[in-house]
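**Student:** what's the 3D shape of this:
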Amino acid sequence: MADMTLLDKSSGKKADGGSAAAGTKAAATTGGSTTAPPPPGPLRVLDSFFEISRRGSTLTREFRGGTVTFFTMAYIVILNPLIMGGFSAENAPLDVAGGWLPAAQVGAVTGLTAGVMTIAFGVVANLPFGLAAGLGINSFLAVSVIQDVTWPEAMGLVVINGLLIVLFGATGARTAIFRAVPKELKAAITVGIGLFIAFIGFVDSGFVTATTAGPPVVLGTNGSITAVPTLVFVAGLLLMGVLVARKVQGGLLIGIVATTLLAVMVEAVLRLGPGGADNPGGWHLNTPVLSGQAVSLPDLTLVGEFDLLGSFSRIGGLAAVMLVFTLVFTNFFDAMGTMTGLAKSSGLAHKDGTFPRLKPAFVIEGLGAVAGGATSGSSNTVYIDSAAGIGEGARTGLASVVTGVLFLGSMFFTPLTSVVPIEVAAAALVVVGAMMMAQIKEISFKKFSVALPAFLTIITMPLSYSIANGIGVGFISFAVINAACGRSRKVHPLMWVVAAGFVVYFARGPINALLGS
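**Tutor:** Next up is the predicted model:
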């Protein structure tokens, strides 16, 4: 996920974790954390491997921090299937060929990939960061990409995206590209994705609806909230907002569970049923009804169901390359900002912003994208929610191992996803979108040469229902405006290359028609 407000301050503790430093005597410092006495006996090997005492932590704090991180991230096991999958062809995102992903299968691979990659990250990078399916990319896949390709082909693009990120991380090119893009545009992209996600939530819940005449969308139905499921969305939004505002650990997960229970009770009493033209007051997608068993063996049918190069033959090389670029860019900057913020909040960051095992962290994060595409669960990336575990004292990869093991256990509870209505998931999307808006403070709107490209990036994403369009408009406008104002030196050569690519991307329709004539 993208940068959100870090929890090191909200936890009421010091930036080094407070509790992690309490009761320890400083013998030395490494990356801003104090050294604690090592544990006795066999646990000394575990302590040495993860550098637990050296970073001023304890086994107890690592286990506690890893558990808290899981509970703050666990909502993705429920939310990801609702964004990417469904329970029938009528209530799932359909690809260009009419294919769809079963929600239970998406839930299973979501837990599997998050578990495996978070454990790998903890062992290799030795950092207390959790990985799971990124909300921005899964929405992009479900809303935009599959309009042109099939789900397996879309996942093939995700795999290619991950392989490129691994290459960038291993060679050091990732840092060079990161530095080429102005910080204001990086922040604008995060904010734009937040608005895009929130707008999706408003539409999916019926909070705003399309009109046949007049404005493109209006509040509810003809300007009024009349549907009970939309009221459930409002209740869930307010509840999650209160929990997050009060800094309750796992506030989103608690909100999703509580609002789902409310939806189940509402359906049991009112029997609204599925929505449609003949029942506008019903649930927009799945109906919240408890049925069947809550626990089952995970269905991992989606593992390996990807087509690496199929999209290139279906939509052409140019269009496929631009989709890969969008995935890479979104994944790239989201993870870079998130890891930097988490490293700072844990006290592991150096003065120049780098942190221990930087290159392995980049490589494993890229492999998370590869694994997410290979399992059809969407690109996996580092979650800013890991700051909750850091606030509880986590300082090493052992916390990530604990988080990963709990994610693997979540695979056995995927049938519960069928109970959560889209109105509940939509409320969580809006809250996450609000969190991502925090990055707007990084943009100086006093400089119009910066303000306009940033604004165009932000506003184009939700209005055109496309992350790619927002990035392209922002890059092109930034390069042109600054060059025309005599500030060409502010535009990195790589920015010109990318902007030129987007010009071709936006004109691909006429270009394809011209080439085909």
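
**Student:** and the pLDDT at Val503?
**Tutor:** Val503 is assigned 87 on the pLDDT scale.

**Student:** name the nearest residue to it, sequence neighbours excluded.
**Tutor:** Ile476 (6.5 Å; CB to CB, 6 or more residues apart in numbering). For every residue, glycine as well, the C-beta is placed using N, CA and C.

**Student:** show me what secondary structure element comes after the strand or helix carrying that neighbour.
**Tutor:** Assigned by DSSP states H and E, Ile476 belongs to helix 467-484. Using DSSP H and E, the helix or strand that follows helix 467-484 in sequence is helix 493-506.

**Student:** angle of that next one against helix 467-484?
**Tutor:** In terms of direction (axes from the mean of the first three to the mean of the last three CA atoms, to 10 degrees), helix 493-506 departs from helix 467-484 by 130 degrees.

**Student:** still on that earlier bit, from the contact counts, what lies against the helix holding Ile476?
**Tutor:** helix 135-143, helix 183-205, helix 317-345, helix 448-464, helix 493-506 (3 or more CB pairs under 8 Å, 6 or more residues apart in numbering; DSSP states H and E).

**Student:** neighbouring contacts of that helix?
**Tutor:** The contact list for helix 467-484 (CB atoms under 8 Å, 6 or more residues apart in numbering) reads 136, 140, 144, 182, 185, 188-189, 192-193, 196, 322-323, 326, 329-330, 449-450, 452-454, 456-461, 464, 488, 490-491, 495-496, 498-499, 502-503, 505-506.

**Student:** of the residues you listed, buried ones?
**Tutor:** 136, 140, 144, 182, 185, 188-189, 192-193, 196, 322-323, 326, 329-330, 449-450, 453-454, 456-461, 491, 495, 498-499, 502, 505-506 (16 or more other CB atoms under 10 Å).

**Student:** what helices or strands is the strand or helix carrying Leu398 leaning on?
**Tutor:** Taking DSSP H and E as the criterion, Leu398 maps to helix 397-410. Under the contact definition 3+ CB pairs under 8 Å, 6+ apart, helix 397-410 sits against helix 43-50, helix 59-73, helix 103-125, helix 386-391.

**Student:** please repeat the previous calculation with a cut-off of 7 Å.
**Tutor:** If contacts are counted by 3 or more CB pairs under 7 Å, 6 or more residues apart in numbering; DSSP states H and E, helix 397-410 sits against helix 59-73, helix 103-125.

**Student:** need these in a markdown table (columns: mean neighbour count, distance to Met265 and mean pLDDT).
**Tutor:** Compiled in a markdown table, these are given as follows (neighbours: other CB atoms under 10 Å; distance: least, CB to CB, whole Å; pLDDT from 0 to 100):
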| stretch | mean neighbour count | distance to Met265 | mean pLDDT |
| --- | --- | --- | --- |
| helix 59-73 | 24 | 24 | 87 |
| helix 103-125 | 26 | 22 | 96 |
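
**Student:** show me where this protein dips below the pLDDT cut-off.
**Tutor:** 1-41, 178, 285, 291-292, 352-353, 414-418, 508-509, 511-513, 515-517 (pLDDT under 70).

**Student:** how about the helices in the stretch 251-400 of the chain?
**Tutor:** 251-270, 310-315, 317-345, 358-374, 386-391, 397-410 (DSSP state H, counting those that start in this stretch).

**Student:** out of those, which is the most enclosed?
**Tutor:** helix 386-391 (a mean of 31; mean count of other CB atoms under 10 Å).

**Student:** so how far is it from its chain's centroid?
**Tutor:** Helix 386-391 sits 17 Å away from the centroid of its parent chain (CA atoms, centre = their mean, to the nearest Å).

**Student:** start at 48 instead
**Tutor:** Okay, residue one is now 48; in that scheme the one you just asked about reads as helix 433-438.

**Student:** just the CA coordinates of it, formatted as CSV?
**Tutor:** Provided in CSV are the C-alpha atoms of helix 433-438 (Å, rounded to 0.1, in the frame of the first residue of the first chain):
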residue,chain,number,x,y,z
SER,A,433,3.5,-2.7,9.5
ALA,A,434,4.1,0.5,11.4
ALA,A,435,1.6,-0.9,14.0
GLY,A,436,3.8,-3.8,14.8
ILE,A,437,6.8,-1.5,14.9
GLY,A,438,5.0,0.6,17.4
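
**Student:** packing partners of it?
**Tutor:** Going by 3+ CB pairs under 7 Å, 6+ apart, helix 433-438 lies up against helix 54-57, helix 106-120, helix 364-392.

**Student:** of all those, which one is nearest Met482?
**Tutor:** helix 54-57 (11.0 Å; CB to CB).

**Student:** circling back: out of the helices and strands packed on helix 514-531, which comes closest to Val311?
**Tutor:** Each of these was scored for nearness to Val311 using CB to CB, and the closest is helix 230-252 (16.9 Å).

**Student:** between the closest one and helix 364-392, how many degrees?
**Tutor:** 100 degrees.

**Student:** list the buried residues of helix 230-252.
**Tutor:** Buried-residue list, helix 230-252, by 16+ other CB under 10 Å: 231-252.
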